[in-house]
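Participant: okay, here's the prediction I keep looking at, along with the sequence it came from:
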Amino acid sequence: MSTNSVPTQTTPTSDATHHRLPNFSAGPATIPTAVLSRAQEELLDWQGRGMSVMEVSHRSKEYMAITDKAEAKLRSLMSIPDNYKVLFLQGGASLQFSAIPLNLLNGGKADYLTTGTWSAKAIKEAQRYAALGLGEINLVATGKDSNFTDVPAPDSWNNSDNAAYFHYCANETIHGLQIFEPPQVDAPLIADMSSCILSQPIDVSKFGMIYAGAQKNIGPAGLVIVIVRDDLLGQASEWCPLLMNYAHQADKESMSNTPPTYSWYLAGLVFDWLEEQGGVAAIGKINQQKADLLYKTIDDSHFYSNSVATQYRSIMNIPFNLADSSLDKVFLEESEAAGLLNLKGHRDVGGMRASIYNAVSLEWVQQLVDFMLAFEKKHA
Ligand SMILES: *Cc1c(COP(=O)(O)O)cnc(C)c1O
């Protein structure tokens, strides 16, 4: 559907030259306009060198300055302690579903909590390695009975003694379910933070490992960031591909082979942007405001609903249903015509979903809310 009919006053954050529209995509997701503009400025002639970042050796001094700075910025934004390695790897978050057991299972037992599609995929992949005899995988609990709208009470979890690690997904992007407090378990905690990294302050020291695909809150797809505590390195299975081996990649500063150089550069620009916004605490406050505004609109109406247990409602991905699902199609057509993009819910859940990552401004969420109220008035 064409968005040409959008009157410019409904898109205050887009400007005449760029025509950027409110994009609520779950991923790949919107990237701050300032970051894209800077990349555009530097595209043909990066820092007067007569070439782009894409065209230089990853081992050149100039490029290494970019990666060093990106890592330093991320360490500062997240207050990552010195005894953690920060790796910039390939294969997205999904390859980590394999890398984790291959690096850390080490003949032992690993605990997995299932709270939605992504944590279910992680355990499924890990089970393949258990089937090969690399160790045991234990499902501690699943939220399936609630259709993943709730998390089983921690005192009902079936944790193993001496687990090699405990894996969970901090924010289930599809179901819109977020676990805000790190689970209190004895095993090293591993969190998939693909869709919530850098969205609010966290205490990294509570985790053994954090990983996140870049395409939600950081930058282009394909890149994955792994933050792993030193003592967990060096126990990888012989079957672990070298490129997935954390100790090896740490030793090679994530350059065992040619890294995704341009994605890494863009991630660095996003970190610069985030710092300019005041850092994670500042953006976290805005994220909370955005989520509060949207949930209030949903809860105040009988026209819209969200069924996730209140304490687990995601501040990044907000699915919602229309009471009359025969209006779904009209909602999507009219929202798109109003310049509000990518609100269709995931096919597993249906309805709508607004993903409101760091780069989605409060103004954009306000525009969405205004649209929702007007739509309700018109169709209720
Ligand atoms: C998007 C996402 C993934 C998968 O990321 P890929 O980069 O496509 O592998 C995994 N986990 C979560 C929580 C996600 O949101």
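Facilitator: Perfect, I can see it now.
Participant: which outside residues touch the longest helix along the chain?
Facilitator: Looking across the chain with DSSP state H, the single longest helix is helix 279-299. Residues outside helix 279-299 that contact it (Cβ atoms under 8 Å, 6 or more residues apart in numbering) are 77-78, 198-201, 274, 277, 304-306, 313-316, 318, 320, 354, 356, 358, 360, 362, 365-366, 368-369, 372-373. For the C-beta atoms, the positions are set from N, CA and C on the backbone; glycine is no exception.
Participant: show me what counts as buried in that helix.
Facilitator: Within helix 279-299, the residues that count as buried by 16 or more other Cβ atoms under 10 Å are 279-280, 283-284, 286-287, 290-291, 293-295, 297-298.
Participant: mind checking the pLDDT average for that helix?
Facilitator: Averaged across helix 279-299, pLDDT comes to 98.
Participant: equivalent analysis for stretch 324-340, please.
Facilitator: Here the mean pLDDT over stretch 324-340 is 97, rounded to a whole number.
Participant: show me what contacts the nearest residue to Ile80 once chain neighbours are set aside?
Facilitator: The shortest distance from Ile80 to any non-neighbouring residue, by Cβ to Cβ, 6 or more residues apart in numbering, is to Val204 (5.1 Å). Going by Cβ under 8 Å, 6+ apart, Val204 touches Met78, Ser79, Ile80, Pro81, Tyr84, Ile210, Ile227.
Participant: around the ligand, pick out the residues from the stretch 1-150 of the chain.
Facilitator: Gly27, Gly92, Ala93, Ser94, Trp118 (Cβ under 6 Å from any ligand atom).
Participant: which residue does the stretch 201-350 of the chain have closest to the ligand?
Facilitator: Nearest residue of the stretch 201-350 of the chain to the ligand: Gly213, at 3.2 Å (Cβ to the nearest ligand atom).
Participant: Asp192 versus that residue, what's the distance?
Facilitator: As judged by Cβ to Cβ, to the nearest Å, Gly213 and Asp192 stand 9 Å apart.
Participant: mutual contacts of those two, please.
Facilitator: Ala93.
Participant: which phi and psi does the closest residue to Thr114 other than its chain neighbours have?
Facilitator: In this structure, Thr114 finds its nearest non-sequential neighbour in Thr142, 4.0 Å apart by Cβ to Cβ, 6+ apart. Here is the backbone geometry of Thr142 (degrees, to the nearest 10): phi -140, psi 140.
Participant: tell me the contacts of Thr142?
Facilitator: Thr142 is in contact with Leu113, Thr114, Thr115, Ala120, Pro152, counting by Cβ under 8 Å, 6+ apart.
Participant: list phi and psi for the third one.
Facilitator: Same thing as Thr115. According to degrees, to the nearest 10, Thr115 has phi -130, psi 10.
Participant: before we move on, the earlier item: now name the helix or strand holding the nearest residue to the residue of the stretch 201-350 of the chain closest to the ligand once chain neighbours are set aside.
Facilitator: Sequence neighbours aside, Ala93 is the residue nearest to Gly213 in space, at 3.5 Å (criterion: Cβ to Cβ, 6+ apart). Using DSSP states H and E, Ala93 sits within helix 92-104.
Participant: pull the CA atoms of that helix into PDB?
Facilitator: The C-alpha coordinates for helix 92-104 follow below in PDB (Å, rounded to 0.1, in the frame of the first residue of the first chain):
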ATOM      1  CA  GLY A  92      22.900 -14.000  14.500                       C
ATOM      2  CA  ALA A  93      21.500 -15.000  17.900                       C
ATOM      3  CA  SER A  94      20.400 -18.300  16.500                       C
ATOM      4  CA  LEU A  95      23.900 -19.600  16.000                       C
ATOM      5  CA  GLN A  96      24.400 -19.100  19.700                       C
ATOM      6  CA  PHE A  97      21.700 -21.700  20.400                       C
ATOM      7  CA  SER A  98      24.400 -24.200  19.100                       C
ATOM      8  CA  ALA A  99      27.500 -22.300  20.300                       C
ATOM      9  CA  ILE A 100      26.300 -22.300  24.000                       C
ATOM     10  CA  PRO A 101      26.100 -26.100  24.400                       C
ATOM     11  CA  LEU A 102      29.200 -26.600  22.300                       C
ATOM     12  CA  ASN A 103      31.200 -24.200  24.500                       C
ATOM     13  CA  LEU A 104      29.700 -24.800  27.900                       C
END
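Participant: now for the following helix or strand past it, which elements pack on it?
Facilitator: Next helix or strand after helix 92-104 toward the C-terminus (DSSP H and E): strand 109-114. Other elements packing on strand 109-114 under the criterion 3 or more Cβ pairs under 8 Å, 6 or more residues apart in numbering; DSSP states H and E are helix 117-131, strand 136-142, strand 165-169.
Participant: buried deepest among these, which one?
Facilitator: Highest mean neighbour count of these: strand 165-169, a mean of 26 (counted as mean count of other Cβ atoms under 10 Å).
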